[in-house]
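Engineer: from the sequence below, what's the structure:
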Amino acid sequence: MNCLKEVVVKEYGMDKWEELRVASELPTILLDSGNVNDDKVIAAFNMAPDILNVSWQKLMDLFAENWTFNYANKIGYGFFLKKHKSAREAIMNMNKIHQMATSNIKDANPPSFDFKWENDNTLYVEYKSQRNLFDICLSCVKALGKYYKENLQITKAGNNKIRIIFPAESRLKAENN
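Structural biologist: I've put the predicted structure just below:
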């Protein structure tokens with residue numbers, strides 16, 4: 001939730017964060033150790049576009065970019081991004097990353113991902129989570145493309161599926177790791 005707070009405060013101001021926090025019944029102090037009830041987290045995300053007068057997709061993109069470029073480093077997960085040479089590698093390790101990142105959080109239920117290759121450069125990713133925050137996943141994949149400076153072609157391929165076409169050089173980077 002602190003990542004969402006950072007986005008809201010930076011883009012819309014502390015008053016808007018406080019309005020969102022109160023409306024979604026979030027605690028005043030947010031810890032990065034998973035102290036917030038999932039229902040309240042989901043409520044905050046769902047209420048944010050109306051309170052901030054922003055589209056859902058723009059909010060998801062802002063959140064994902066902040067997570068990828070800033071927040072992950074602050075909470076010690078930046079090494080996950082740095083250890084990969086391409087978006088392809090990072091995406092293929094999303095299950096491992098989520099399992100490791102939540103291993104010390106009581107009652108954590110991280111999302112999981114199924115992967116199916118259509119060909120050497122086209123991957124289908126199926127998002128599986130009770131939280132139904134697929135749009136965050138989609139935006140995070142976009143942010144990974146930006147992080148690794150790769151022109152990924154990303155489209156929704158169903159309710160919880162993403163189709164990613166990687167540039168050929170992404171495969172070469174992954175193979176030379």
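Engineer: ranking helices and strands of the protein by mean pLDDT, which lands last?
Structural biologist: helix 168-175 (a mean of 61; mean pLDDT, DSSP states H and E).
Engineer: list the contacts of residue 100.
Structural biologist: By Cβ atoms under 8 Å, 6 or more residues apart in numbering, the residues touching residue 100 are residue 80. C-beta coordinates here come from the backbone N, C-alpha and C atoms, glycine included.
Engineer: name the element it belongs to?
Structural biologist: According to DSSP states H and E, residue 100 maps onto helix 94-101.
Engineer: residue 19 too?
Structural biologist: With elements taken from DSSP H and E, the one containing residue 19 is helix 14-23.
Engineer: which SSE is immediately downstream of that helix?
Structural biologist: helix 38-52.
Engineer: just checking, what packs against that next one?
Structural biologist: helix 2-12, helix 14-23, helix 56-66 (3 or more Cβ pairs under 8 Å, 6 or more residues apart in numbering; DSSP states H and E).
Engineer: so how far is the first one off the chain centroid?
Structural biologist: Right, helix 2-12. 15 Å (Cα atoms, centre = their mean, to the nearest Å).
Engineer: just the buried positions in that helix, please.
Structural biologist: Using 16 or more other Cβ atoms under 10 Å as the test for burial, helix 2-12 gives 3-8, 12.
Engineer: ok, residue 124 touching residue 161?
Structural biologist: Yes. With contact defined as Cβ atoms under 8 Å, residue 124 reaches residue 161; the gap is 5.7 Å.
Engineer: from residue 74, how far out is residue 14?
Structural biologist: 19 Å (Cβ to Cβ, to the nearest Å).
Engineer: let me redo that: residue 42
Structural biologist: Distance, residue 42 to residue 74, by Cβ to Cβ: 23 Å.
Engineer: do the same with residue 18
Structural biologist: 21 Å.
Engineer: so where is this structure shaky, pLDDT-wise?
Structural biologist: In the predicted model, the chain carries pLDDT under 70 at residues 29-36, 105, 169-177.
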